[in-house]
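Participant: Just to be clear, the model below is a prediction. Sequence and coordinates:
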Amino acid sequence: MTEIHQPIHVASRPVGDDLGPESWKIFRIMAEFVEGYEQLARIKPSVSVFGSARTLPSSPYYQQAEAIGHALSDAGFSVVTGGGPGIMEAANKGAFGGKSPTIGLNIQLPKEQITNPYQDISLRFRHFFSRKVMFVKYASAYIIMPGGFGTLDELAEILTLVQTGRTRRIPIIMVGSSYWRGLIDWFENTLVKSGAINADDCKLYQIVDEPKQVIDAIFSFYERRTFEPSAEEREVLLDL
């Protein structure tokens, strides 16, 4: 016998019932965007650096991120990280000893996120989505250091935004060929072959191993253009 499912009727509630906290949340979100726009619009050109919060100072990855942060800063780039420990601290620390500002976009988390002390500008966010916009909107390049789920989330978000034309094309540089090789092989041998992405999508990123290669890759990309977005790119960024 076929079971007959009865529709579920949801009891109506008075308009505004229990919506107070949700409605006021909109103003907190607006405040995060306004403060982020005001602070970060002044730091161009900038580079956003992503990586694990769990990387210890004794790790070669930490030391490499510190060297990259310093090299970026001396090359004239403000360095933007998530403001926490690990790779984020390393990149901020390296940039702190350089010529350009170092910025932390700190997020409130139940654990792991402890603000590192190497920040000329320190912003605090309660919402991941508004923080993500700040990482992307003013960046001239993205540096992806070894990391976990959070780093993979940022990488996937950036690749998707560029792939779909929702943000401008800029360098996406993954540091550590041995660390990322398994993921890149999966991109090329599974995603491309299955038709989930195009072969040309694999040209959106590049892999390097040395701090100097990071700087060279960025300047090579901008060899025939300025760091400032074109008029067309500015239109795209307005909708980001």
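Facilitator: Now that the structure is in, tell me what you want to look at.

Participant: list the buried ones in stretch 33-48?
Facilitator: By 16 or more other CB atoms under 10 Å, the buried positions in stretch 33-48 come out as Phe33, Gly36, Gln39, Leu40, Ile43, Pro45, Ser46, Val47, Ser48. Just so you know, the C-beta spots here come from the backbone N, C-alpha and C atoms, and that holds for glycine as well.

Participant: Go through those residues and say which is closest to Asn198.
Facilitator: Ser48 (24.9 Å; CB to CB).

Participant: and that closest one, that's in a strand?
Facilitator: Yes: judged by DSSP: H, G, I helix; E, B strand; the rest coil, Ser48 forms part of a strand.

Participant: quick one: contacts for it?
Facilitator: Counting by CB atoms under 8 Å, 6 or more residues apart in numbering, Ser48 touches Val80, Thr81, Phe135, Val136, Ala139, Ala141, Tyr142, Ile143.

Participant: how near is it to Leu72?
Facilitator: 10 Å (CB to CB, to the nearest Å).

Participant: Find residues that contact each of these two.
Facilitator: Ile143.

Participant: residue ranges for the helices of this structure, please.
Facilitator: Per DSSP state H, the chain carries helices over the ranges 20-40, 60-74, 87-96, 128-137, 149-163, 177-186, 192-194, 211-221, 231-238.

Participant: if we can go back for a sec, out of the buried residues of stretch 33-48, the closest to Phe129 would be?
Facilitator: Nearest member of the buried residues of stretch 33-48 to Phe129, counting by CB to CB, is Phe33, at 10.0 Å.

Participant: Please convert the helices of the chain to JSON lines, extending it with distance to Ile103 and mean pLDDT.
Facilitator: Shown next, in JSON lines, are those (distance: least, CB to CB, whole Å; pLDDT from 0 to 100):
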{"stretch": "helix 20-40", "distance to Ile103": "7", "mean pLDDT": "80"}
{"stretch": "helix 60-74", "distance to Ile103": "11", "mean pLDDT": "98"}
{"stretch": "helix 87-96", "distance to Ile103": "8", "mean pLDDT": "98"}
{"stretch": "helix 128-137", "distance to Ile103": "9", "mean pLDDT": "89"}
{"stretch": "helix 149-163", "distance to Ile103": "15", "mean pLDDT": "95"}
{"stretch": "helix 177-186", "distance to Ile103": "25", "mean pLDDT": "97"}
{"stretch": "helix 192-194", "distance to Ile103": "35", "mean pLDDT": "97"}
{"stretch": "helix 211-221", "distance to Ile103": "17", "mean pLDDT": "97"}
{"stretch": "helix 231-238", "distance to Ile103": "18", "mean pLDDT": "86"}
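
Participant: ranking these by burial, who's on top?
Facilitator: helix 87-96 (a mean of 29; mean count of other CB atoms under 10 Å).

Participant: Return it as PDB; C-alpha atoms alone will do.
Facilitator: Output in PDB follows, covering the C-alpha atoms of helix 87-96 (Å, rounded to 0.1, in the frame of the first residue of the first chain):
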ATOM      1  CA  ILE A  87      51.200  31.100   8.900                       C
ATOM      2  CA  MET A  88      49.100  34.300   9.400                       C
ATOM      3  CA  GLU A  89      51.400  35.400  12.200                       C
ATOM      4  CA  ALA A  90      54.500  34.600  10.200                       C
ATOM      5  CA  ALA A  91      53.400  36.600   7.200                       C
ATOM      6  CA  ASN A  92      52.400  39.600   9.400                       C
ATOM      7  CA  LYS A  93      55.600  39.300  11.300                       C
ATOM      8  CA  GLY A  94      57.700  39.400   8.200                       C
ATOM      9  CA  ALA A  95      55.800  42.300   6.800                       C
ATOM     10  CA  PHE A  96      56.000  44.100  10.100                       C
END
